[in-house]
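Student: Requesting a structural model of the entry that follows:
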Amino acid sequence: MTTSLSSSGLARRRLWRGLAGAVVVAAGMILWQGAARSETAIAVAPPTQDEAPGAGHKETAVLAGGCFWGVQGVFQHVQGVERVVSGYAGGTAQTAHYETVGGGGTGHAESVEITFDPAQVSYGALLQIFFSVAHDPTEVNRQGPDTGTQYRSAIFPATAEQRRVAQAYIAQLDGSHVFGPPIATQIVDGAQFFPAEDYHQDFLVQHPGHPYIVVNDLPKVAALKRLFPQRYRAQPVLVKAAS
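Tutor: Have a look, this model is predicted:
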């Protein structure tokens, strides 16, 4: 499937590493050979500490867990989430551009900004999904087939309370040894979020047959539905208004 990604951006998504098999394109059909995805979703326990239930206001959470296509796709299917925007966090406005971030030296991580109703889904519940199905939090400066600091696992708290919840939850999960290796997720204060280019928004929904999406991201959405059926919504919330 063709997209408006730049040539180098397309190359990064097409020629990913970490697959046990190969992609063969013939007569317009995509055939998968070998095992496709090594990541396994884990239903971790909810946080023992969370924000107090909210009402009458919206809240935002900024999370980084590898390629933003899949992370955005997961949270677009979560009940109580009102909007999910792909973007960059950790660097400056001047370097918040796809090709620049792809060089790995900007300080940015591919991230998503989640606007949610805390009366329907708490910040802690979003973190539970983040650690369970959105990515592998034990990976250091990589995620699945993508490598570099721009694919690191990170939480960018908007408030001191979000920081407290995230810090306590990481300690809780590390203490339970649920993942085996220690959690590599960074907690980064004071970072600004910058929306990504328009062609990245709603990418999973718009391009469900893209090879990268099929192998790396659709399994995450399926895991959300399987492991958190009470949180799953069939109709995703989109950045782009329906025409």
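Student: per-residue confidence at the residue most central in space within the chain?
Tutor: Central residue check for the chain by C-alpha atoms, centre = their mean: the C-alpha nearest the mean position is that of Val71, 2.2 Å away. Per-residue pLDDT puts Val71 at 98.
Student: Quick check: Asp189 vs Gly209, distance?
Tutor: Asp189 sits 39 Å away from Gly209, taking C-beta to C-beta, to the nearest Å as the criterion. From N, CA and C alone the C-beta is placed, and that goes for glycine too.
Student: hey, where'd the helices end up in the chain?
Tutor: 7-14, 68-75, 98-101, 123-129, 160-176, 203-206, 211-212, 218-227 (DSSP state H).
Student: would you put the C-alpha positions of the last one in PDB?
Tutor: As requested, C-alpha coordinates have been extracted for helix 218-227 and formatted as PDB (Å, rounded to 0.1, in the frame of the first residue of the first chain):
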ATOM      1  CA  LEU A 218      -2.600  -5.300  14.700                       C
ATOM      2  CA  PRO A 219      -1.600  -7.900  17.300                       C
ATOM      3  CA  LYS A 220      -1.500  -5.200  19.900                       C
ATOM      4  CA  VAL A 221      -5.100  -4.100  19.200                       C
ATOM      5  CA  ALA A 222      -6.100  -7.800  19.300                       C
ATOM      6  CA  ALA A 223      -4.400  -8.200  22.600                       C
ATOM      7  CA  LEU A 224      -6.200  -5.200  24.000                       C
ATOM      8  CA  LYS A 225      -9.500  -6.700  23.000                       C
ATOM      9  CA  ARG A 226      -8.600 -10.100  24.400                       C
ATOM     10  CA  LEU A 227      -7.000  -9.000  27.700                       C
END
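Student: what ranges of the protein fall below the confidence cut-off?
Tutor: By pLDDT under 70, the low-scoring segments of the chain are 1-39, 55-56, 242-243.
Student: what are the ranges of the strands in it?
Tutor: Shown for the chain, the strands assigned by DSSP state E span residues 22-26, 29-33, 59-65, 81-89, 109-116, 142-143, 146-147, 153-156, 186-187, 193-195.
Student: need those in JSON lines with distance to Phe179 and mean neighbour count, can you?
Tutor: Output for the strands of the chain, formatted as JSON lines (distance: least, C-beta to C-beta, whole Å; neighbours: other C-beta atoms under 10 Å):
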{"stretch": "strand 22-26", "distance to Phe179": "29", "mean neighbour count": "11"}
{"stretch": "strand 29-33", "distance to Phe179": "27", "mean neighbour count": "11"}
{"stretch": "strand 59-65", "distance to Phe179": "14", "mean neighbour count": "24"}
{"stretch": "strand 81-89", "distance to Phe179": "23", "mean neighbour count": "22"}
{"stretch": "strand 109-116", "distance to Phe179": "20", "mean neighbour count": "25"}
{"stretch": "strand 142-143", "distance to Phe179": "14", "mean neighbour count": "24"}
{"stretch": "strand 146-147", "distance to Phe179": "19", "mean neighbour count": "19"}
{"stretch": "strand 153-156", "distance to Phe179": "11", "mean neighbour count": "25"}
{"stretch": "strand 186-187", "distance to Phe179": "16", "mean neighbour count": "14"}
{"stretch": "strand 193-195", "distance to Phe179": "27", "mean neighbour count": "17"}
